[in-house]
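*Asks:* Quick one, structure for this:
(one chain, ligands or ions: 1)
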Amino acid sequence: MEKVFHFDAPREKYSCDAAVVWCFDNRFQQGLAKYLKRLGILNTDPIKIAGGAKSLVSPEHETDREFVLEQIRKSIRLHGTSRVILMLHSDCGAYGGLAGGFQGDAKAEAGHHEAELRRAAEFLKGELPGLEVQAYFVDFEGVWAVNPA
Ligand SMILES: [Zn+2]
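*Replies:* Numbers count the residues shown, from 1 in each chain. Next up is the predicted model:
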């Protein structure tokens, strides 16, 4: 190998404020990151996958769900994570987009994703008792909290 860039990374292990299960759609990255920072969530273990929390509730393959669960378990084991943030967003390709999946009806999409997030949070709490789970829907105008059932 040839060194092509220098930087100093911290060598200390960190404790994770939250593992964040979110979609890799870059349009919503900055908005949610800003909100998490406002909450004081600075050290995150990002689990960025297409569809975000979808894999926990409506996985394309059952193995997807197990994979995400295992990532969360590893975050807990390695970084003492006690909180998980679940995210879904508007116009997500994993749900067919706003136009394709919901005929452009943003209200229907938001309602659908709210229900998905609720079920994802319930599932996760069932699998990993004692974990704090928060769920957010992100659209083009902001971040919306899904209140626990
Ligand atoms: Zn997406």
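
*Asks:* what mean pLDDT does stretch 111-123 have?
*Replies:* On average, the pLDDT along stretch 111-123 is 97.

*Asks:* what's the spacing between it and its chain's center?
*Replies:* Distance, stretch centre to chain centre, for stretch 111-123: 12 Å (CA atoms, centre = their mean, to the nearest Å).

*Asks:* helices or strands up against the longest helix along the chain?
*Replies:* The longest helix of the chain (DSSP state H) is helix 106-127. Contacts defined by 3 or more CB pairs under 8 Å, 6 or more residues apart in numbering; DSSP states H and E place helix 106-127 against helix 54-57, helix 62-79, strand 83-89, helix 97-102, strand 132-138, strand 143-146. Yep, even glycine has a C-beta here, placed from its N, CA and C like the rest.

*Asks:* could you give the angle of that helix to strand 83-89?
*Replies:* For helix 106-127 against strand 83-89, the angle by axes from the mean of the first three to the mean of the last three CA atoms, to 10 degrees is 150 degrees.

*Asks:* wait, what's in contact with the residue most central in space within the chain?
*Replies:* Against the mean C-alpha coordinate of the chain, by CA atoms, centre = their mean, the closest residue is Val21 at 2.2 Å. By CB atoms under 8 Å, 6 or more residues apart in numbering, the contact list for Val21 reads 47, 49, 52-53, 55-56, 68, 72, 84-87.

*Asks:* same question, Gly80
*Replies:* Here Gly80 is in contact with 15-16 (CB under 8 Å, 6+ apart).

*Asks:* interface residues of this protein facing the ion?
*Replies:* Proximity of the chain to the ion (CB under 5 Å from the ion) is limited to residues 23, 25, 92.

*Asks:* got the contact list for stretch 120-133?
*Replies:* Identification of contacts with stretch 120-133 by CB under 8 Å, 6+ apart yields 53-54, 56-57, 69, 72-73, 76, 82-84, 86, 134-135, 146, 148-149.

*Asks:* Would you mind listing which of those residues are buried?
*Replies:* 53-54, 56-57, 69, 72, 76, 83-84, 86, 134-135, 146 (16 or more other CB atoms under 10 Å).

*Asks:* pLDDT at Arg38, what is it?
*Replies:* The model reports Arg38 with a pLDDT of 97.
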